[in-house]
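Asker: Here's a sequence, model it:
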Amino acid sequence: MKKLSLRELAVPMIKSIDSFNYLLKSHHRRTAVVSYYIGKKLNLNNTELVELVIAAALHDIGALSVQERDMIVQEDVINPAPHCMMGYRMLASLDVFKNISQIIKHHHIKYQDSLNAEEGEILLQSHIIHLADRVDILVSPNEFITNQKSMVTEKIREKAETTFHPEVFKAFEEVSKADIFWIEMNNLEMEQLLRKIDFGAIDFELTIDDIIEFTLTMSRIIDFRSKFTASHSYTVAHLSSLIGGYFGFSEEKCKKLLIAGYLHDIGKIGIDPRLIEKNGPLNDEEFNLIKLHAYYTGQILNELNTSDWFSEIVTWAERHHEKSDGTGYPFSLDDTSLDEGVKILSCSDIISALMEERPYRESLSVDVAFDIIRDNMSASISPDMFEVIEQHKYEINDLVLQCQAHTFEEYRLGSLQ
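Answerer: Have a look, this model is predicted:
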């Protein structure tokens with residue numbers, strides 16, 4: 001495979017999460033810009049600055065619902081612990097994100113509360129993001145931003161030394177005097193901001209296993225938005241890899257299926273999570289909105305197509321709702337454009353979905369799920385492939401149950417307040 005660096009993988013994902021995020025569109029970007037200015041003023045070293053900007057660019061990924069979004073965009077957040085802890089749990093398993101996850105865990109820490117914390121528990125970057133986050137919340141989109149400089153600064157000043165770290169406030173006060181601070185907060189794109197920082201010490205070439213771990217982390221950003229989908233991408237990924245072996249895929253190609261499974265629903269970041277949680281079948285309008293996720297997945301992942309090695313993964317992920325008869329979406333492709341990898345991912349997606357609980361039904365047993373697929377869906381995937389897959393349905397059942405148990409525990413721990 002062509003070597004892929006952490007920067008090459010992380011930058012498109014961070015940029016896309018900000019661009020497509022239904023819940024917090026552009027909030028991460030603006031918070032990251034403010035954090036960058038403050039971090040530079042405080043003379044953070046290169047690694048600290050990189051970790052600050054990445055943490056700011058991801059800080060609210062643990063906000064899983066519209067209700068949580070509405071809470072955290074208030075001037076005073078009543079109970080920030082759930083989304084802080086969930087964001088921490090999403091990222092903590094990735095070694096390179098060890099400090100970043102810790103920063104996110106405490107990004108709503110009040111300065112006066114931090115004085116009682118153990119030494120080294122609260123990183124300065126958490127205080128920076130806390131202030132930057134509140135600056136963005138205070139800015140009204142209905143008034144020209146530089147007209148709000150005094151108002152925002154005074155509101156932040158009122159809570160300096162209690163809510164906000166005094167040194168962080170002082171740095172903010174200095175950098176915010178210039179109009180460019182406010183102009184770039186409104187206009188500097190995430191990609192432009194990320195070009196300003198030197199990934200330096202935390203950038204490295206990724207092995208396939210590194211990519212698997214990173215994409216697993218990204219999948220949690222989508223799946224953990226609902227307890228009904230908490231295990232979905234994890235299950236699809238491991239099912240796809242297992243089924244690939246039934247068709248003679250190499251170890252490397254099975255790992256690519258694993259990655260495609262983790263990423264296949266990344267486009268759901270652009271979808272209202274209330275549709276996923278709806279207690280009943282979707283109407284036509286709602287289903288058309290849900291269908292957009294496959295397009296968004298392609299838009300996000302095509303940023304990674306600079307690597308030939310990744311192109312197959314992108315193709316499988318963005319086509320996982322296509323059908324052999326041309327009735328799928330979003331491209332209405334037919335069998336001539338769908339290879340075995342797409343069909344394996346598609347079948348794994350269906351198996352996983354049927355065996356998961358939904359707001360309007362219990363999870364289905366493997367026997368019922370396979371009966372439904374055989375009678376209603378296998379013709380639009382591949383009857384011959386499904387016949388092979390069905391021969392292994394009890395092995396598949398064991399894997400699905402293992403995946404669900406594993407990810408439910410991860411989700412439960414992340415949800416603890």
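Asker: thinking residue 34 is in contact with residue 185, fair?
Answerer: Yes - if you go by CB atoms under 8 Å, residue 34 and residue 185 touch, sitting 5.8 Å apart. C-betas here are computed from N, CA, C, even on glycine.
Asker: what touches both of the two?
Answerer: Counting by CB atoms under 8 Å, 6 or more residues apart in numbering, the residues touching both residue 34 and residue 185 are 135, 136.
Asker: okay, and for the stretch 251-400 of the chain, where does confidence drop off?
Answerer: Scanning the stretch 251-400 of the chain with the threshold set as pLDDT under 70 gives 305-307.
Asker: Helices of that one, start to end?
Answerer: For the stretch 251-400 of the chain, the helices defined by DSSP state H, counting those that start in this stretch cover 251-263, 273-276, 284-301, 308-318, 340-354, 366-376, 378-381, 383-390, 393-415.
Asker: Equivalent analysis for the stretch 51-200 of the chain, please.
Answerer: Under DSSP H, counting those that start in this stretch, the stretch 51-200 of the chain gives helices at 66-72, 81-91, 98-105, 111-114, 124-138, 149-157, 166-175, 179-187, 190-196.
Asker: ranking these by mean pLDDT, which is last?
Answerer: Of all the helices of the stretch 51-200 of the chain, mean pLDDT reaches its minimum on helix 66-72 (a mean of 51).
Asker: residue contacts, the nearest residue to residue 97 once chain neighbours are set aside?
Answerer: Using CB to CB, 6 or more residues apart in numbering and skipping residues adjacent in sequence, the residue nearest residue 97 is residue 91, 4.4 Å away. Under the criterion of CB under 8 Å, 6+ apart, the contact list for residue 91 reads 58, 61, 97, 100, 101, 104, 217.
Asker: 6 Å - rerun?
Answerer: Counting by CB atoms under 6 Å, 6 or more residues apart in numbering, residue 91 touches 97, 101, 217.
Asker: go on, residue 294?
Answerer: 321, 329, 330.
Asker: What of residue 335?
Answerer: So residue 335 contacts residue 324 (CB under 6 Å, 6+ apart).
Asker: Go through the contacts of residue 294 and give me the one with the most neighbours.
Answerer: Using other CB atoms under 10 Å as the neighbour criterion, residue 321 leads those with 21 neighbours.
Asker: How much space separates it from residue 389?
Answerer: Remark: distance between residue 321 and residue 389 (CB to CB, to the nearest Å) = 18 Å.
Asker: swap in residue 402?
Answerer: Taken as CB to CB, the span from residue 402 to residue 389 is 18 Å.
Asker: same deal with residue 206?
Answerer: In terms of CB to CB, residue 206 sits 31 Å off from residue 389.
Asker: Check residue 99 too.
Answerer: Distance from residue 99 to residue 389, by CB to CB: 43 Å.
Asker: same check, this time on residue 21
Answerer: 35 Å.
Asker: how does the chain divide into domains?
Answerer: Per automatic domain parsing, the structural domains of the chain span 4-202, 209-415.
Asker: Can you report how many residues neighbour the spatially closest residue to residue 411 that is not a sequence neighbour?
Answerer: Closest residue to residue 411 apart from its sequence neighbours, by CB to CB, 6+ apart: residue 230 at 4.0 Å. Counted by other CB under 10 Å, the residues lying close to residue 230 total 24.
Asker: Same check on residue 279?
Answerer: By the criterion of other CB under 10 Å, residue 279 has 7 neighbours.
Asker: Go ahead and confirm it touches residue 358.
Answerer: No - using CB atoms under 6 Å, residue 279 makes no contact with residue 358, being 8.9 Å away.
Asker: residues in contact with the residue most central in space within the chain?
Answerer: Centrality entry for the chain: nearest residue to the mean C-alpha point is residue 221, 3.2 Å, by CA atoms, centre = their mean. Contact analysis of residue 221 by CB under 6 Å, 6+ apart lists residue 61.
Asker: Same check on residue 39?
Answerer: Residue 39 sits next to 49, 52, 128 when contact means CB under 6 Å, 6+ apart.
Asker: do residue 197 as well
Answerer: If a contact means CB under 6 Å, 6+ apart, then residue 197 has 49, 50, 53 as its contacts.
Asker: Between those, identify the one with the most neighbours.
Answerer: Tallying neighbours with other CB under 10 Å puts residue 53 at the head of the contacts of residue 197, with 27 neighbours.
Asker: And residue 159, its phi and psi?
Answerer: Backbone geometry at residue 159, expressed as degrees, to the nearest 10, gives phi -110, psi 10.
Asker: That one: neighbour count?
Answerer: With neighbours defined by other CB under 10 Å, the count for residue 159 comes to 16.
Asker: Tell me the confidence at it?
Answerer: 94.
Asker: for the one 5 residues further on, same thing?
Answerer: Taken from the predicted model, the pLDDT recorded for residue 164 is 96.
Asker: That one touches residue 131, doesn't it?
Answerer: Yes - here residue 164 lies in contact with residue 131, judged by CB under 6 Å, at a distance of 4.9 Å.
Asker: Out of the contacts of residue 294, the closest to residue 143 would be?
Answerer: Taking CB to CB as the measure, residue 143 lies nearest residue 330 of the contacts of residue 294, at 38.3 Å.
Asker: which residues touch the closest one?
Answerer: Contacts of residue 330 by CB under 6 Å, 6+ apart are 294, 295.
Asker: Please repeat the previous calculation with a cut-off of 8 Å.
Answerer: With the criterion set at CB under 8 Å, 6+ apart, residue 330 makes contact with 291, 292, 294, 295, 298, 321.
Asker: which of the residues you listed sit farthest apart?
Answerer: 291 and 298 (12.4 Å).
Asker: okay, now residue 361: neighbour count?
Answerer: If you count neighbours by other CB under 10 Å, residue 361 ends up with 11.
Asker: distance of it from residue 353?
Answerer: 11 Å.
Asker: Wait, residue 173 touches residue 153, no?
Answerer: Yes - counting by CB under 8 Å, residue 153 is a contact partner of residue 173 at 6.6 Å.
Asker: Correct me if wrong: residue 128 contacts residue 167.
Answerer: No - with contact defined as CB under 8 Å, residue 128 does not reach residue 167; the gap is 9.7 Å.
Asker: Those two: which is more packed in?
Answerer: residue 128 (32 against 16).
Asker: Give me the more crowded residue out of residue 402 and residue 389.
Answerer: Using other CB under 10 Å as the criterion, residue 402 and residue 389 rank with residue 389 on top: 25 against 13.
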